[in-house]
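**Q** When you get a sec, could you give me coordinates for this:
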Amino acid sequence: MKITASGIEVDVPLDSTVEEILSILGEKARYDMAVELNRAFVHTRDYSTTTISEGDEIEMIYMASGG
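**A** A predicted model of the protein is given here:
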């Protein structure tokens, strides 16, 4: 199935979870990263149970701090 990951169309297996998508994209859960699925925040504890559907949009958002 096709989804959009950080603005890029990607083919992924049916019924993939957020955790699996991150792995496919070469990412992993990090303390300074948030995942947004269809413009809604996905909590880290839900990565392994939140499934992705055809046409979904997933974004990885990296936090930055400093002065």
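
**Q** Extract the residue ranges of the protein that are flagged as low pLDDT.
**A** Low-confidence segments of the chain, defined by pLDDT under 70: 67.

**Q** Please repeat the previous calculation with a cut-off of 80.
**A** The model of the chain has pLDDT under 80 over residues 65-67.

**Q** mind listing the strands for it?
**A** 2-5, 8-11, 33-37, 40-42, 57-62 (DSSP state E).

**Q** would you list the ones you listed in a markdown table and tack on mean neighbour count and distance to E20?
**A** (Each C-beta comes from the backbone N, C-alpha and C, glycine too.) Putting those into a markdown table (neighbours: other CB atoms under 10 Å; distance: least, CB to CB, whole Å) gives the following:
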| stretch | mean neighbour count | distance to E20 |
| --- | --- | --- |
| strand 2-5 | 16 | 11 |
| strand 8-11 | 10 | 12 |
| strand 33-37 | 17 | 12 |
| strand 40-42 | 12 | 13 |
| strand 57-62 | 14 | 11 |
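
**Q** Compare those and give me the one nearest L25.
**A** Ranking the strands of the chain by proximity to L25 (CB to CB) places strand 2-5 first, at 5.8 Å.

**Q** Parallel or antiparallel, which strands does that closest one pair with?
**A** Here strand 2-5 is paired, per DSSP bridges, with strand 8-11 (antiparallel), strand 57-62 (parallel).
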